[in-house]
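Enquirer: build me a model:
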Amino acid sequence: MVYRNAMKMAWLLGLALLLALAALLAPAAEEPGFVALFNGKNLDGWVLIGGKGAGYVVEDGKIVCPIDGGGNLFTVKEYANFVFRFEFKLAEGSNNGVGIRAPLEGRASYEGMEIQILDDDAPKYAKLRPTQYCGSIYDVIPAKRGFLKKIGEWNQEEITARGRRITIVLNGTTIVDADLDSVTDPEVLKRHVGLARTTGHIGFLGHNTRVEFRNIRVKELP
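Expert: Model (predicted):
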């Protein structure tokens, strides 16, 4: 009986290992309607505006903003209503952002909109305004905090722009669900003229700190 139970346990363990291996080797589930924005090899389809030093580089199938780089890396194409999905990995003190509906000229965070990407726990960012932390619509709408993964781990983010509604999901949690028409402060509207834009470029807005990006794709919405 002991021998039979041992054989059964060995068989079950072998089956579990086979299933785990099959899951690793299986292709990722397709995302209907999504188009890759990065080919993993070069920055075709992107344009760098105002870059310093290295700007952005491609490393091991990732877009990387290095410490000696930065500037705004925009899609050549403009997008109006869309779902934008990507993964990002922070280093200590990382500061970047996602520009949406942005023009190629001017400050994307004001002439368009910027969704903040930030190492929230870095001591140098301890006294920021709530609208400056990770996931916030920069200087306009604060994001719920506490959903970033540890430094060096990959975060998954989804930004949906549909008309006047902007929704941001970080690692499976909705951290912003905003109606832009709810922003009525005249001073905010005066500074952030981009809140009125209906289309523009998507981009990464670097500040000379290291951030890595991968699995970058978009789905256009009607």
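
Enquirer: and the closest residue to residue 125 other than its chain neighbours, how many neighbours does it have?
Expert: Among residues not flanking residue 125 along the chain, residue 118 sits closest, at 6.3 Å (C-beta to C-beta, 6 or more residues apart in numbering). C-betas here are computed from N, CA, C, even on glycine. Counted with other C-beta atoms under 10 Å, residues neighbouring residue 118 total 25.

Enquirer: for residue 118, give the beta-bridge partners.
Expert: Legend: beta-bridge partners of residue 118 under DSSP bridges are residue 95.

Enquirer: what's it in contact with, if anything?
Expert: Contact analysis of residue 118 by C-beta atoms under 8 Å, 6 or more residues apart in numbering lists 90, 94-96, 125, 132-134.

Enquirer: for the residues you listed, give me CSV that also has pLDDT and distance to residue 180.
Expert: Shown next, in CSV, are these (pLDDT from 0 to 100; distance: C-beta to C-beta, whole Å):
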residue, pLDDT, distance to residue 180
90, 98, 27
94, 97, 27
95, 97, 24
96, 98, 22
125, 97, 25
132, 98, 18
133, 98, 19
134, 98, 20
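
Enquirer: ok, the residues you listed vs residue 186, which is closest?
Expert: The closest of the contacts of residue 118 to residue 186 turns out to be residue 132 (C-beta to C-beta; 20.8 Å).

Enquirer: just list whatever residues bridge to the residue lying closest to residue 104 once chain neighbours are set aside.
Expert: For residue 104, ignoring the flanking residues on the chain, the nearest one in space by C-beta to C-beta, 6+ apart is residue 49 at 5.6 Å. Note on residue 49: beta-bridge partners by DSSP bridges are residue 72.

Enquirer: next helix or strand past the helix or strand bottoming out on mean pLDDT in the chain?
Expert: Between all helices and strands in the chain, the lowest mean by mean pLDDT, DSSP states H and E belongs to helix 2-25, at a mean of 44. Note on helix 2-25: by DSSP states H and E, the next helix or strand toward the C-terminus is strand 35-36.

Enquirer: tell me the strands beside that following strand, with direction?
Expert: Strand pairing for strand 35-36, using DSSP bridges, gives strand 211-220 (antiparallel).

Enquirer: could you list the alpha-carbon positions for the strand it pairs with in CSV?
Expert: Provided in CSV are the C-alpha atoms of strand 211-220 (Å, rounded to 0.1, in the frame of the first residue of the first chain):
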residue,chain,number,x,y,z
VAL,A,211,12.6,53.4,-16.2
GLU,A,212,12.1,50.3,-18.4
PHE,A,213,9.0,49.6,-20.6
ARG,A,214,7.8,46.5,-22.4
ASN,A,215,4.6,44.9,-23.8
ILE,A,216,3.5,48.2,-25.2
ARG,A,217,0.2,48.0,-27.2
VAL,A,218,-2.9,50.0,-28.0
LYS,A,219,-6.5,49.4,-29.0
GLU,A,220,-8.3,52.3,-30.7
